[in-house]
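# Give the three-dimensional model of this entry:
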Amino acid sequence: MKKAIPAKHSWLIWFVCLLVMSVAAGWYVSHYLGNIAKKEIIDGNEASANTLSILLNAEFSNMEGAVKALAGSPWIAPALMTKRTGDIEHAYSVLVRYNTAVDATVSYLMDSAGTTVTSSNRNDPDSFVGHSYAFRPYFKEAVLGNTFSYLAAGITSRKNGFYTSAPVMDDQKNILGVVTVKKELHGIEAHMRKFPHCFLIDANGIIFLSGKPDMTFKSLWPVNGEVEKKLLASKQFGERRFDAVMDLEITDGMDATLDGKGFIVSRKHINLEGWFIVLMTPRDRINVYRLTGVLTAGFIFLLIAIPLIIHYRTVKLIENIRQSEEKFLAISTSANDAIIMMDNDGIITYWNEASERIFGYTSNEVIGKELHTLLVPKKYYQPFLKGFDHFKKTGEGNAVGKTLELSAIRKDGGEFPVELSLSSVHMQNMWSAIGIIRDITERKQFEEKIIYEHKRLQMLLESAPFGIILVNENGLISYVNPKFTEIFGYEPDEIPDGKTWFKKAYPDAEYRKSVISAWIDDMKGTTPGEKTPRLFTVTCKDGTKKSADIINVKLESGEYLVTFEDRTELHKYQESLAYLAMHDVLTGLLNRRSLEETLNRSIARAKRGNISSLLYMDLDNFKDVNDTLGHSTGDEVLITLTGILKEALRTEDIVFRLGGDEFAVLLEGIDGREALLAAERLRASVETYRLELDHRVFPLSLSIGLVEVNGTAGAGELLSKADTAMYAAKEQGKNRVVIAT
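The predicted structure is shown next:
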């Protein structure tokens with residue numbers, strides 16, 4: 001027959017089981033909460049890294065568009081082809097305008113050997129003019145015909161910057177040189193300082209930008225010796241060796257240690273090949289969550305164990321009761337939470353050391369008082385009081401009130417948030433209550449911080465310089481930022497879902513079909529940070545149409561984040577540039593570039609038998625007008641001359657201004673003999689014109705060089721012959737026509 005287990009041993013077994021379960025529960029809860037905290041950190045890192053990626057990619061995209069337009073300017077190629085002072089001055093003027101337009105640091109033009117011909121900072125002490133940058137990757141790539149972006153420290157300025165380069169080509173697509181724009185990323189640096197452990201690094205871990213400026217050009221992990229030699233030789237990151245701040249290369253989602261502190265790492269690729277954003281967030285939140293799990297398990301253990309201990313000890317001998325009280329005192333003394341006991345009248349009978357630390361009262365000052373006098377407001381304490389009264393009157397029910405969050409009052413009068421848990425104990429017709437009060441000030445501050453971060457993210461979305469909408473998996477639009485409404489005019493309630501948006505924004509059915517097809521393609525296999533904007537024409541609420549760069553990104557949540565950047569004004573500006581590329585600003589006449597293109601077409605027609613003629617003209621004595629009455633009056637003379645020429649020519653004849661006081665006329669379908677008559681007619685029309693300025697009469701005359709376009713010579717040779725003939729006319733006394741030989 002088996003012996004019965006003694007009551008003491010039975011209680012001990014149950015207690016050990018309870019302890020094991022509490023420890024197991026504490027381990028599980030702390031591990032679970034730690035994982036939640038880690039996911040929150042990773043999600044926060046992801047959002048911040050995506051925001052920085054959007055800002056960087058937008059900056060890079062804008063610069064690439066600008067440098068392509070700059071390379072195509074009609075004033076750039078002549079500076080490389082002729083290297084004449086006038087052409088270089090025109091190129092310098094264009095560089096300065098573009099530099100100002102895109103808020104760049106410096107824009108410069110290099111010949112095919114890599115030597116800077118002119119730059120927007122040519123008048124500065126650290127001018128790039130005359131310096132060779134042929135060794136720079138952005139030059140090597142561009143001179144091969146590629147548009148290239150490059151992050152590096154300046155060789156001359158020693159300042160970090162984003163370099164974008166593009167090839168400069170002539171009409172036959174021959175590469176003449178390279179134009180480069182450098183921009184210092186001050187805005188990005190300022191944004192990164194909001195995150196002390198945020199870095200922009202290359203594939204080798206070299207820190208290019210950092211939330212901590214003193215870490216720039218260090219490396220996050222050790223750099224291979226051969227790689228370091230190559231980087232130092234390239235001077236991309238200066239000439240100092242790269243001090244490693246960590247022992248191993250970091251990867252996305254890993255735990256890392258920096259300066260003795262633990263961090264969670266997010267490493268995200270940006271659009272620029274080989275470059276990453278690294279965001280490191282302290283692990284403190286994980287420790288807090290895990291501590292919360294441990295304390296919760298301990299709290300549950302106390303709630304269960306204390307009544308069990310009290311129940312067990314009350315049925316034992318007085319010595320056992322004394323021992324039980326000693327254990328309780330030991331537990332309550334070492335506890336971080338306030339533990340308070342009350343008798344059956346609700347009067348405080350016990351006050352542990354943690355209570356003294358939290359409230360500031362000694363046990364002598366509070367024992368004999370009611371607990372609710374230390375809590376505010378009293379109405380939140382009423383459920384416990386009602387349960388207590390019911391239990392005393394009937395002996396039924398449980399005087400345990402629910403866990404409450406309310407404010408408590410310290411001895412110095414200060415209020416602070418607490419969490420109150422109450423349990424009742426009934427033994428031998430005696431009733432008492434135990435209250436455990438936890439100071440949750442730190443938790444509340446953490447909750448407020450989370451709310452603050454949420455509001456900050458909301459503020460970022462609200463103040464973003466581009467439109468943003470968020471579409472859920474069911475196609476419903478859950479968020480529209482103010483910039484979106486500002487650009488297109490649609491209020492959130494007017495476009496509740498994607499289907500409505502597509503119909504309103506793209507009313508043409510065929511165009512809408514192509515947009516939706518592009519949307520579907522963008523969602524296939526592309527990760528955030530690798531998106532290329534698509535340009536679409538959007539119909540606004542008021543019926544106007546705008547051009548917008550649109551990027552669709554599928555988030556891990558299954559939602560779609562869509563950004564819209566208004567490019568309407570940029571397109572208008574590009575159209576204006578295209579006009580300026582082919583026309584003279586002062587007179588509205590076609591310019592030299594237009595002449596060369598038109599002349600090539602005339603040469604092609606001449607080879608088929610349709611001969612034309614070219615007149616190359618210079619206004620005699622124009623310098624006298626400029627020197628006497630100034631350049632503004634000189635401009636009026638050039639405009640007047642334009643009118644005289646148009647009046648004396650046929651409608652099919654084309655007049656060009658080549659620069660200064662030089663003009664050209666292409667006489668389509670007229671051979672040299674007939675062209676001579678037309679040239680004499682032009683010369684006579686100008687000679688007989690009476691120009692009165694400032695009560696003085698200025699004689700006007702033209703020196704004209706004539707060459708026949710018969711298909712035997714190219715455009716460059718024809719222009720050279722006509723120019724030589726024009727100068728011969730000047731040497732022979734001006735005001736005459738000379739036929740090229």
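# Work out for me the element A408 sits within.
In this assignment (DSSP states H and E), A408 forms part of strand 404-409.
# Tell me the strands beside that strand, with direction?
strand 375-376 (antiparallel), strand 415-427 (antiparallel) (DSSP bridges).
# Surely T712 is within a helix?
No: T712: not assigned to a helix; according to DSSP: H, G, I helix; E, B strand; the rest coil it is coil.
# And it, how far from I611?
As judged by CB to CB, to the nearest Å, T712 and I611 stand 10 Å apart. For every residue, glycine as well, the C-beta is placed using N, CA and C.
# and those two? which has more neighbours close in?
The residue with more neighbours, out of T712 and I611, is I611; 20 against 11, by other CB atoms under 10 Å.
# my guess is the more buried one meets V707, correct?
No: contact criterion CB atoms under 8 Å: I611 and V707 do not qualify, at 11.4 Å.
# Show me the helices in the stretch 151-300 of the chain, by range?
In the stretch 151-300 of the chain, the helices defined using DSSP state H, counting those that start in this stretch lie at 186-192, 225-234, 284-314.
# Looking at those, which is nearest to S127?
helix 186-192 (21.5 Å; CB to CB).
# tally of neighbours for E405?
Using other CB under 10 Å, E405 is surrounded by 13 other residues.
# what's the distance between the residue lying closest to it once chain neighbours are set aside and L404?
Using CB to CB, 6 or more residues apart in numbering and skipping the chain neighbours, the partner closest in space to E405 is E419 (5.5 Å). According to CB to CB, E419 and L404 sit 7 Å apart.
# residue boundaries of the strands in the stretch 101-250 of the chain?
106-111, 116-119, 148-153, 160-169, 175-183, 198-202, 207-210 (DSSP state E, counting those that start in this stretch).
# Pull the longest one out as CSV, backbone CA atoms only.
It stands for strand 160-169. Extracted C-alpha coordinates of strand 160-169, given in CSV (Å, rounded to 0.1, in the frame of the first residue of the first chain):
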residue,chain,number,x,y,z
ASN,A,160,31.1,65.4,-50.6
GLY,A,161,28.8,65.5,-53.6
PHE,A,162,26.6,63.6,-56.1
TYR,A,163,28.1,63.8,-59.6
THR,A,164,26.0,63.2,-62.7
SER,A,165,27.6,63.2,-66.1
ALA,A,166,26.4,62.9,-69.7
PRO,A,167,28.2,62.8,-73.1
VAL,A,168,28.1,65.9,-75.3
MET,A,169,27.7,64.9,-79.0
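# relative to strand 106-111, how tilted is it?
40 degrees (axes from the mean of the first three to the mean of the last three CA atoms, to 10 degrees).
# Now do E708 against L702, distance only.
Distance check for E708 against L702: by CB to CB, it reads 19 Å.
# out of the two, which sits in the more crowded spot?
It is L702, of E708 and L702, that has more neighbours when counted by other CB under 10 Å, with 27 against 23.
# Any idea what the more buried one is bridged to?
Counting by DSSP bridges, L702 is bridged to L619.
# F416 too?
Beta-bridge partners for F416, by DSSP bridges, are A408.
# pLDDT score assigned to it?
Looking at F416, its pLDDT stands at 82.
# Now for it: which residues touch it?
Counting by CB atoms under 8 Å, 6 or more residues apart in numbering, F416 makes contact with 407-408, 410, 439, 441.
# try it again with 10 Å
Neighbouring residues of F416 by CB atoms under 10 Å, 6 or more residues apart in numbering: 358-359, 407-410, 439-441, 444.
# So of those, which two are at opposite extremes in space?
Farthest apart among these by CB to CB are F359 and K444. That separation is 17.4 Å.
# higher neighbour count, these two?
Between F359 and K444, counted using other CB under 10 Å, the more crowded position is F359 (23 against 15).
# Just give the closest residue to that one, not the sequence neighbours.
The shortest distance from F359 to any non-neighbouring residue, by CB to CB, 6+ apart, is to R410 (5.7 Å).
# what separates the one you found from F416, distance-wise?
Using CB to CB, we find R410 at a distance of 7 Å from F416.
# joint contacts of these two?
358-359.
# does E447 really touch I440, like I thought?
Yes: assessed by CB atoms under 10 Å, E447 is found in contact with I440 at 9.1 Å.
# Packing partners of whichever helix or strand R681 is part of?
In the assignment (DSSP H and E), R681 maps to helix 672-688. For helix 672-688, the elements it packs on are strand 612-619, helix 631-648, strand 662-667, strand 702-709, strand 736-739, judged by 3 or more CB pairs under 10 Å, 6 or more residues apart in numbering; DSSP states H and E.
# buried sites along that helix?
Residues 672, 675-676, 678-679, 682-683, 685-686 are the ones in helix 672-688 that count as buried (16 or more other CB atoms under 10 Å).
# that older thread, give me the common contacts of I611 and V707.
Common neighbours of I611 and V707 (criterion: CB under 10 Å, 6+ apart): 672, 675.
# residues of the helix or strand hosting R443 that come out buried?
Remark: R443 resides in helix 441-463, with elements defined by DSSP H and E. Buried residues in helix 441-463, defined by neighbour count with 16+ other CB under 10 Å: 446, 461.
# how distant is that helix from the center of its chain?
Centroid separation between helix 441-463 and its chain, computed with CA atoms, centre = their mean, to the nearest Å, is 21 Å.
# got JSON lines for the buried residues of helix 672-688, with distance to V366 and pLDDT too?
Below are the buried residues of helix 672-688 laid out as JSON lines (distance: CB to CB, whole Å; pLDDT from 0 to 100):
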{"residue": "G672", "distance to V366": "118", "pLDDT": "89"}
{"residue": "A675", "distance to V366": "115", "pLDDT": "91"}
{"residue": "L676", "distance to V366": "120", "pLDDT": "93"}
{"residue": "A678", "distance to V366": "115", "pLDDT": "91"}
{"residue": "A679", "distance to V366": "115", "pLDDT": "93"}
{"residue": "L682", "distance to V366": "112", "pLDDT": "91"}
{"residue": "R683", "distance to V366": "115", "pLDDT": "91"}
{"residue": "S685", "distance to V366": "113", "pLDDT": "88"}
{"residue": "V686", "distance to V366": "111", "pLDDT": "88"}
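# any idea how this protein splits into domains?
For the chain, whose domains are defined here by automatic domain parsing, the residue ranges read 72-184, 188-282, 335-444, 464-567, 583-739.
# Which one of these has the poorest average confidence?
Minimum mean pLDDT among the domains of the chain: domain 335-444, a mean of 72.
# distance between the ends of that domain?
Taking CA to CA, to the nearest Å, domain 335-444 runs 21 Å from one end to the other.
# in the stretch of helix or strand E717 belongs to, what counts as buried?
Secondary structure assigned from DSSP H and E places E717 in helix 715-731. Residues of helix 715-731 classed as buried: 715, 718-719, 721-723, 725-726, 728-729 (neighbour count, 16+ other CB under 10 Å).
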